[in-house]
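Undergrad: Below: sequence and its predicted model.
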Amino acid sequence: MRPEVLDAMMPYLTQSYGNPSSIHQEGRVTRAAIEGARKTVAGLIGASTGEIFFTSGGTESNNMAIKCAVQDLNVQRIITSPAEHHCVKHSVEHLQEMNRVKVEMVNVDQYALPDLTHLEKLLASSDVPTLVTLMHANNEIGSILDLEAVSALCRQYGAYLHSDTVQTVGHYPVNVQEIPVDFISGAAHKFFGPKGVGFIYINSRCALHPYIDGGSQERNMRAGTENIAGIVGLARALQLANEEFEKDIPYIKGLREYMKQQLLEHFPDVQFNGHPDNALYSVLSVSFPPGPYAELMIMSLDIAGISVSGGSACSSGAESQSHVMNAIQHPADRKAVRFSFCSRNTKEEIDFTIEQLAGILSSGVQVPS
């Protein structure tokens, strides 16, 4: 977390202990903090305060959007892609297994981006209430969806639109007035906030029943005593991220490009996954050629103090190739590694990583530090 975020949270961890559902002074103080945070988040994405609900993170927000759309909006068909985050993929599969919805998959290209011509064909093929759920940016390889084009198609054919924006909120301008959607999600830890807290935007045209029953919190949508400090931290982190991403983007892009150049210079056989131009500036997915080092690469980098991923952080420990890699037909004998960057990283850290990779790729073991 950013120190400014922790500073904003500390009063609600140490002094302002009131339950925000209580009417006494202590409760009113924490209630005001939550509503202030709601107003901040709403303003930053162009929503009204009544359209923002706080959750435990992106996974809950995405589950809520998909399952409540089926439960309360009479959605009978879901159109999604084979490259979505597991919290979307598994939610849709669960509803399908319960015979609650018909699921149709839109084709994706080599960058895991949906074929919009095929999407329109699917939308035009039926007039049953439909939810389209497509992520704004792929969490493994970074390709960015043309959300404006998808939004226009959904409006044309009367479909609801949910987009998992966990990877983009706080990193790019997101405005629900400029690009109409019905549901988007955010997670504080993606923009230097605390883990375990997020939000969902629900368009006011969508009348939903509570996702969690038991109390009147979150305008009767999500029962349970609120994570006050987390909510305050989320709002402060998002505010700071939106103030600074114009400054941060060129710097982080520079790190990403420097990493690409160094990889190509030292390891000509590497390939890059994701769209070459329209992709997250904070993620670089690298495909390494087959070799005896492949299965030990991530572990060896970890020993050297370098944290990278073989796929989604939510599925760490999985030994098989991820569903995203399968969707783009990534060769199973090559090793895909995701490097992530932020404003706190340096070129010196990249040089150190290249040095470690050189030892791993040449000998199959980690270079001694």
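TA: Received the coordinates, thanks.

Undergrad: Report the contact partners of residue 185.
TA: Contact partners of residue 185, counting by Cβ atoms under 8 Å, 6 or more residues apart in numbering, are 55, 58, 61-62, 65, 164-166, 169, 198-201. C-betas here are computed from N, CA, C, even on glycine.

Undergrad: Among those residues, which one sits closest to residue 114?
TA: residue 164 (13.1 Å; Cβ to Cβ).

Undergrad: Helices of this structure, residue ranges please.
TA: For the chain, the helices defined by DSSP state H occupy 3-9, 11-14, 25-45, 58-72, 86-97, 116-124, 147-157, 228-266, 297-303, 323-327, 347-363.

Undergrad: So which of those helices is nearest residue 193?
TA: Among the helices of the chain, if distance is taken as Cβ to Cβ, the winner is helix 228-266, at 3.2 Å.

Undergrad: hmm, back to that, can you redo the contacts of residue 185 as JSON lines, where the extra columns are neighbour count?
TA: Shown next, in JSON lines, are the contacts of residue 185 (neighbours: other Cβ atoms under 10 Å):
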{"residue": "55", "neighbour count": "26"}
{"residue": "58", "neighbour count": "27"}
{"residue": "61", "neighbour count": "29"}
{"residue": "62", "neighbour count": "33"}
{"residue": "65", "neighbour count": "29"}
{"residue": "164", "neighbour count": "29"}
{"residue": "165", "neighbour count": "29"}
{"residue": "166", "neighbour count": "26"}
{"residue": "169", "neighbour count": "27"}
{"residue": "198", "neighbour count": "27"}
{"residue": "199", "neighbour count": "29"}
{"residue": "200", "neighbour count": "26"}
{"residue": "201", "neighbour count": "27"}
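
Undergrad: on that earlier part again, looking at the helices of the chain, which is buried most?
TA: helix 58-72 (a mean of 23; mean count of other Cβ atoms under 10 Å).

Undergrad: Which elements pack onto that helix?
TA: Under the contact criterion of 3 or more Cβ pairs under 8 Å, 6 or more residues apart in numbering; DSSP states H and E, helix 58-72 touches strand 52-55, helix 86-97, strand 130-133, strand 160-163, strand 183-187, strand 198-202.

Undergrad: Mind doing that once more with 10 Å?
TA: Helix 58-72 sits against strand 52-55, strand 77-80, helix 86-97, strand 130-133, strand 160-163, strand 183-187, strand 198-202, with contacts defined as 3 or more Cβ pairs under 10 Å, 6 or more residues apart in numbering; DSSP states H and E.

Undergrad: give me the low-pLDDT residue ranges for the chain?
TA: 294-295, 311-320, 363-369 (pLDDT under 70).

Undergrad: Adding distance to residue 17 as columns, could you present the contacts of residue 185 in a markdown table?
TA: Output for those, formatted as a markdown table (distance: Cβ to Cβ, whole Å):
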| residue | distance to residue 17 |
| --- | --- |
| 55 | 22 |
| 58 | 28 |
| 61 | 27 |
| 62 | 31 |
| 65 | 32 |
| 164 | 34 |
| 165 | 33 |
| 166 | 30 |
| 169 | 30 |
| 198 | 23 |
| 199 | 23 |
| 200 | 27 |
| 201 | 29 |
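
Undergrad: and which of these is nearest to residue 232?
TA: Nearest to residue 232 out of the contacts of residue 185 is residue 199 (Cβ to Cβ; 12.5 Å).

Undergrad: Which parts of the chain belong to which domain?
TA: 3-241, 246-363 (automatic domain parsing).
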